[in-house]
Every structure is written in C-alpha cells, then in structure tokens.
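# Based on what follows, work out the 3D shape:
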Amino acid sequence: MNLALWNAPFLRFVEYGLGAQAETRVRSAGVEDVLGRLAAGQADVALIPTDIALMASESLEILPAVAVSTWSNPFVSLTLPDGFTGGDMVLSHTPDGALTAFLASVVLKEHYGILSDVSPASSDSRDVSDHDVVTVQTADADRSGEPRALDLGQEWYELTNYPMVWALFVSRKGEATPELIEGIRSRMIALEDDRIPIAERLSGDRAMLDFCLNELRFRLDDLAVASLSSFADFLYFYGRTDQVPAVQFASLPAEDELPDGGGN
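Residues are numbered from 1 along each chain as shown. Predicted structure coming up:
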C-alpha cells in the first residue's frame, strides 16, 4: 500500500510506525504535495488535515474506523504576545499551518473574546515556518506581563469536551474499497499494538515520548465523530464553508469494527 502522510511534527510516530510495516511505502510531505500525490494516483491513501478532509467531499472519501486525535497536543500551540489582553489579531500561516490557524481563531474568540483574522502568509515571508502560526498584534493592544502559550488540543477539549481530531485518512472518491479500508485499519491496529517499542525507538525526547505513549488516539470512535461534527459546525459558523460540511465516511462492512484497545 502506498501512503502519503501530512508531515506535521506530531504525526512523526504515525510516519515512523507505518513506514516500518511490511508492504507499506510511506511518503511524508507538506499538505499540497500529499494531495497532489493522491490525485495523481501515486498514493492509495493519504493522511491529511481534518479541515481539508471535511471540505473536499466532492473529490475525497474519508475512511472509517481510524483517525488521529488527542485530548491535548503540546506540539500545536499558539503563543500570545507578551501580556496580550485585548485588541484584534492577525493569524498568518503557510498551507500546512491552516488548520492550526483556524483552530486558534476559534479558541481565541470562544474562550478569550479575542477576534482574529486568518490569512495565508506571503510567499516571501521569513517569519512563518511550515507548521507555525504567527500572531500579529494591533497597535492599540494592551501589553503587560509574560507571553502565554495555549495548547490548542487542550483548548478544544475544554471548549467541546471532545478530543481534537487532527488528521483523517482519505482516498480518492469512489475508490475506498473494503480491501483498502481493511488495509489501513489493520496497519493502524498494528501501530497501536506496537506503540511502546515504536515510541521508544522514535525519540529520546521526553516530551515526544510521553505524547506518543499517552496522548495519541487512533480510533475514529463516537467521541471522535462527535468532535468532527462540532468542528464542521465551526467551519460553517466562521465562514470557511457555505454550509455545514457533512461528516460522512466510506462504507465499512458491519463485521469490520475496530476492536477494543485502539487508543485512549
């Protein structure tokens, strides 16, 4: 199976684990390259940001049973400027930072009453790396105190009581066969079964190790589906879509249910 995976830092465990499995060829890249490889037939399945998967239902099909979600995510955070207590904000981002920027805009408004504009960074910007979001404070903003980092995964949980679904597996429209669904599902089950040794081989960094062992969830269960429904509502309410995107998945035979143990 050929897989194209979004190369977000918090997906390193998935990339490393899937890449080590038999009969699996993994290409990790930026969002635009991943989508291009899937469209060109160079990948059978892609792992892409949730917002794109929900908004591309005309060309893509979301695979059931597995996804990537967390209750918190220290690798997706937004640092407010020193002592920021008010004023509007601009969130600039690259294509790979679009999901983070949108989620940050929701959290800022719903939790902190801070309005923000989300906009792509200019192509020559040197202030934004691939997955970063840059906050730009308005001139009349109040400044006092220390900068504050917001864990956007935890903020989403506090807002909705659901884990944040960061990435979904998709295929080209009409090509989500039972064999394809079972193929990615079985690979993710194997990843879960080998979570500890994979995490220990992947990184000596304590924060990443703890994240891989305790935060990553791979089941597209009722909690994850409810989270997707809430996220779809926000896509509409915040003007990303003209209507609430349908949360729909490729058909999965009734007997093909993910067994217990596939995540937290």
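# Just the element for L78, please.
In the assignment (DSSP states H and E), L78 maps to strand 77-80.
# again but with Q248, I slipped
For Q248, there is no helix or strand it lies in under DSSP H and E.
# Please tell me I have it right and it contacts L60.
No - the criterion here is Cβ atoms under 8 Å, and Q248 misses it with L60 at 10.9 Å. From N, CA and C alone the C-beta is placed, and that goes for glycine too.
# Of those two, which one has the most company?
L60 (24 against 11; other Cβ atoms under 10 Å).
# mind checking the SS state of the one residue sitting closest to the centre of the chain?
By Cα atoms, centre = their mean, the chain has its centre lying nearest to W166, at 2.0 Å. Here W166 is recorded as strand under DSSP: H, G, I helix; E, B strand; the rest coil.
# residues contacting it?
A8, F10, L11, P49, T50, V68, S69, T70, N73, V76, L99, G153 (Cβ atoms under 8 Å, 6 or more residues apart in numbering).
# For those residues, give me JSON lines that also has pLDDT and distance to L159.
Formatted as JSON lines, the contacts of W166 follow (pLDDT from 0 to 100; distance: Cβ to Cβ, whole Å):
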{"residue": "A8", "pLDDT": "95", "distance to L159": "21"}
{"residue": "F10", "pLDDT": "95", "distance to L159": "19"}
{"residue": "L11", "pLDDT": "96", "distance to L159": "23"}
{"residue": "P49", "pLDDT": "98", "distance to L159": "19"}
{"residue": "T50", "pLDDT": "98", "distance to L159": "15"}
{"residue": "V68", "pLDDT": "98", "distance to L159": "19"}
{"residue": "S69", "pLDDT": "98", "distance to L159": "15"}
{"residue": "T70", "pLDDT": "98", "distance to L159": "14"}
{"residue": "N73", "pLDDT": "96", "distance to L159": "14"}
{"residue": "V76", "pLDDT": "94", "distance to L159": "14"}
{"residue": "L99", "pLDDT": "96", "distance to L159": "16"}
{"residue": "G153", "pLDDT": "98", "distance to L159": "11"}
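# Which ones among the residues you listed lie within helices?
Members of the contacts of W166 lying in helices (criterion: DSSP state H): T50, L99, G153.
# what are the ranges of the strands in the stretch 51-200 of the chain?
Assigned by DSSP state E, counting those that start in this stretch, the stretch 51-200 of the chain shows strands spanning 60-70, 77-80, 89-93, 116-120, 133-137, 148-151, 164-172.
# wait, Y16 sits on P197?
No - Y16 is not in contact with P197 according to Cβ under 8 Å; the separation is 11.2 Å.
# Compare neighbour counts for these two and give me the winner.
The neighbour comparison of Y16 against P197 (other Cβ under 10 Å) goes to Y16, with 18 against 10.
# List the contacts of the residue nearest to the more buried one when sequence neighbours are not counted.
The shortest distance from Y16 to any non-neighbouring residue, by Cβ to Cβ, 6 or more residues apart in numbering, is to L202 (5.1 Å). Contact partners of L202, counting by Cβ under 8 Å, 6+ apart, are R12, F13, Y16, M208, L209, C212.
# does the fifth one really touch R201, like I thought?
No - the pair L209 and R201 fails to qualify as a contact (Cβ under 8 Å) at a distance of 10.3 Å.
# With neighbour numbers in mind, choose between those two.
L209 (16 against 12).
# Which residues does stretch 19-30 contact?
1-7, 11, 15, 18, 34, 37, 42-43, 95-96, 130, 187, 190-191, 198.
# Likewise for stretch 56-66?
Contacts to stretch 56-66, defined as Cβ under 8 Å, 6+ apart, come from residues 38-39, 45, 53-54, 168-176, 180-181, 184-185, 188, 218-220, 245-246, 248-252, 256-258, 262.
# Going through those residues, which ones are buried?
38, 45, 53-54, 168-172, 176, 180-181, 184-185, 188, 218-220, 245, 249-250, 252, 258, 262 (16 or more other Cβ atoms under 10 Å).
# Where helices are concerned, which of these count?
Going by DSSP H, the helices hold L38, A53, L54, L180, I181, I184, R185, M188 from these.
# can you put those residues in JSON lines and add pLDDT and distance to L159?
Formatted as JSON lines, these follow (pLDDT from 0 to 100; distance: Cβ to Cβ, whole Å):
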{"residue": "L38", "pLDDT": "98", "distance to L159": "31"}
{"residue": "A53", "pLDDT": "98", "distance to L159": "20"}
{"residue": "L54", "pLDDT": "98", "distance to L159": "18"}
{"residue": "L180", "pLDDT": "96", "distance to L159": "34"}
{"residue": "I181", "pLDDT": "95", "distance to L159": "31"}
{"residue": "I184", "pLDDT": "97", "distance to L159": "29"}
{"residue": "R185", "pLDDT": "96", "distance to L159": "29"}
{"residue": "M188", "pLDDT": "98", "distance to L159": "27"}
